[in-house]
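Q: I'll drop the sequence and a predicted model, then ask my questions.
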Amino acid sequence: MALLFVAPAFAQADVEKILRQCEILTSDPSEMDKNPISALIEMGFCLGYVGGVSDYSTVTADMASGEVEQLTSCRPPNVNNEQLAKVVVKFVEDNPRLHHFEEATLVALALHDAFPCK
């Protein structure tokens, strides 16, 4: 029963976090001068998160349209983000016929190809 009371608190903290990170983009530029490194980090998190969710929506739209198959991938726990980036670069370089897809779909295709779920 405690989980029911804790979950909304976590969700609220996450909402406040993304709001704080993204508000920097709409605030007075002089606010960034107070702590520019922190502001850049917060903006980077905001842009990365929002971009990632937007990309996810693009991929799901491509799958819903039937243009690409269901793009699941099962990354092994020992594979880090740098290795994922190398997988994506190799896949994109090796598959110029797929360059008409949005970048999010290309990333999903690369991960699906490299780490199929069994």
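A: Thanks, I have it.
Q: Where do the domain boundaries of the protein fall?
A: As recorded under automatic domain parsing, the domains making up the chain are 11-67, 70-118.
Q: Out of the ones you listed, point me to the one whose mean pLDDT is lowest.
A: Of all the domains of the chain, mean pLDDT reaches its minimum on domain 11-67 (a mean of 81).
Q: which residue packs closest to F115, ignoring adjacent ones?
A: Using Cβ to Cβ, 6 or more residues apart in numbering and skipping the chain neighbours, the partner closest in space to F115 is S73 (4.4 Å). C-betas here are computed from N, CA, C, even on glycine.
Q: Phi, psi for the one you found please.
A: For S73, the backbone dihedrals are phi -150, psi 150 (criterion: degrees, to the nearest 10).
Q: check contacts around it.
A: Residues counted as contacts of S73 (Cβ atoms under 8 Å, 6 or more residues apart in numbering) are 108, 111-112, 114-117.
Q: Buried subset of those residues as a PyMOL selection?
A: This is how PyMOL selects the buried members of the contacts of S73, with burial counted by 16 or more other Cβ atoms under 10 Å:
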select buried, resi 108+111+112+114+115
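Q: The contacts of S73 in strands, which ones?
A: Within the contacts of S73, no residue falls in strands by DSSP state E.
Q: Can you add distance to A61 and give the contacts of S73 back as CSV?
A: Formatted as CSV, these follow (distance: Cβ to Cβ, whole Å):
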residue, distance to A61
A108, 12
L111, 18
H112, 16
A114, 23
F115, 22
P116, 22
C117, 21
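Q: Report the secondary structure element holding the most centrally placed residue in the chain.
A: The residue lying closest to the centre of the chain (Cα atoms, centre = their mean) is G52, at 2.7 Å. Per DSSP states H and E: G52 is located in helix 36-64.
Q: Report the buried residues of that helix.
A: By neighbour count on 16+ other Cβ under 10 Å, the buried set for helix 36-64 is 39, 42-43, 45-46, 55, 58-59, 62-63.
Q: Please tell me I have it right and T72 contacts C117.
A: Yes - using Cβ atoms under 8 Å as the test, T72 is close enough to C117 to be in contact (5.1 Å).
Q: all helices for the chain, in order.
A: For the chain, the helices defined by DSSP state H cover 2-26, 29-34, 36-64, 81-94, 103-114.
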